[in-house]
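A.B. asks: Show me the folded form of this:
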Amino acid sequence: ANGLLVMMKEIGIERDATTYNSLLKWHANDEAKVDNLFAQMIEDGVKPDVYTYNTMIQSFSKDTAKVDQLYTLMIDEGVKPDVYTYSTMIRAYSGDLATVDKLYQRMIEEEIKPNVYIYSLMIDVFAKSEMLEKAIAKFESMTKERILPNEGTYTTRIDAYAKSGKSERAIELFDWMKKE
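C.D. replies: Modelled structure (predicted):
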């Protein structure tokens, strides 16, 4: 990555956010490289955008302290989070239901409309935490918002019913899904 950046500079090609975002995405599984690229981006005077921060948050999603640090930096730099920012953060915090709820509420307060993926993720988080009622409530909220469930949403619900001992309801939902 650094070799490419040096070569670009030598031949006069501008290194912009798109360049850095592509490199960050390419190296997303290597936290050290991502950190170095981000530092180089700042050093080169390139302003990170929402895609930069989303990639960074995704790269460090197993380290919630780093996720918080990046989110705070993002806000401090005036970069507005988007639905992808929140989906990545919700996934990172999936074991901390209080934080998941706070993130969802913050998203709503910022007038970022949840999509089918956010709702499916929330349903999955609650279902895996054996909170079937909250999972069902999220599904009902989703349908009230006129957001159509996808196959993943239904699969998550079926799994939740099955794991909570409501196998008849799981089979009913599966049969209904096959008809649709």
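
A.B. asks: Find the centremost residue of the protein, please.
C.D. replies: Thr88 (1.8 Å; Cα atoms, centre = their mean).

A.B. asks: How far away from the center of its chain is the strand or helix carrying that one?
C.D. replies: According to DSSP states H and E, Thr88 maps onto helix 83-92. A distance of 2 Å separates the centroid of the chain from that of helix 83-92, by Cα atoms, centre = their mean, to the nearest Å.

A.B. asks: same check, this time on stretch 34-41
C.D. replies: With Cα atoms, centre = their mean as the basis, stretch 34-41 stands 21 Å off its chain's centre.

A.B. asks: Check what contacts it and list those residues.
C.D. replies: 1-2, 5, 17, 20, 23-24, 27-28, 48, 52, 55-56, 59-60 (Cβ atoms under 8 Å, 6 or more residues apart in numbering). Placement of C-beta: from N, CA and C, glycine included.

A.B. asks: Identify each buried residue in that stretch, please.
C.D. replies: Val34, Leu37, Phe38, Gln40, Met41 (16 or more other Cβ atoms under 10 Å).

A.B. asks: Stretch 55-64 now?
C.D. replies: Buried residues in stretch 55-64 (16+ other Cβ under 10 Å): Thr55, Met56, Ile57, Gln58, Ser59, Phe60, Ser61.

A.B. asks: about what we covered before: just the buried residues of stretch 34-41 now: which is nearest Gly165?
C.D. replies: Val34 (42.7 Å; Cβ to Cβ).

A.B. asks: returning to that earlier point: of the buried residues of stretch 34-41, which is the nearest to Glu168?
C.D. replies: Val34 (47.1 Å).

A.B. asks: The closest one sits in which helix or strand?
C.D. replies: Going by DSSP H and E, Val34 is in helix 31-43.

A.B. asks: pull the CA atoms of that helix into CSV?
C.D. replies: Below are the C-alpha coordinates for helix 31-43, written out as CSV (Å, rounded to 0.1, in the frame of the first residue of the first chain):
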residue,chain,number,x,y,z
GLU,A,31,-5.5,-3.7,11.8
ALA,A,32,-1.9,-2.5,11.8
LYS,A,33,-2.0,-1.6,8.1
VAL,A,34,-5.4,0.1,8.5
ASP,A,35,-4.0,2.2,11.4
ASN,A,36,-0.9,3.1,9.3
LEU,A,37,-3.0,4.0,6.3
PHE,A,38,-5.3,6.1,8.3
ALA,A,39,-2.3,7.9,9.9
GLN,A,40,-0.8,8.4,6.4
MET,A,41,-4.1,9.8,5.2
ILE,A,42,-4.2,12.4,7.9
GLU,A,43,-0.5,13.2,7.4
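
A.B. asks: how about the helices in the chain?
C.D. replies: Listed in chain order, the helices of the chain (DSSP state H) span 2-10, 17-26, 31-43, 50-59, 64-76, 83-92, 97-109, 116-128, 132-144, 151-163, 167-179.
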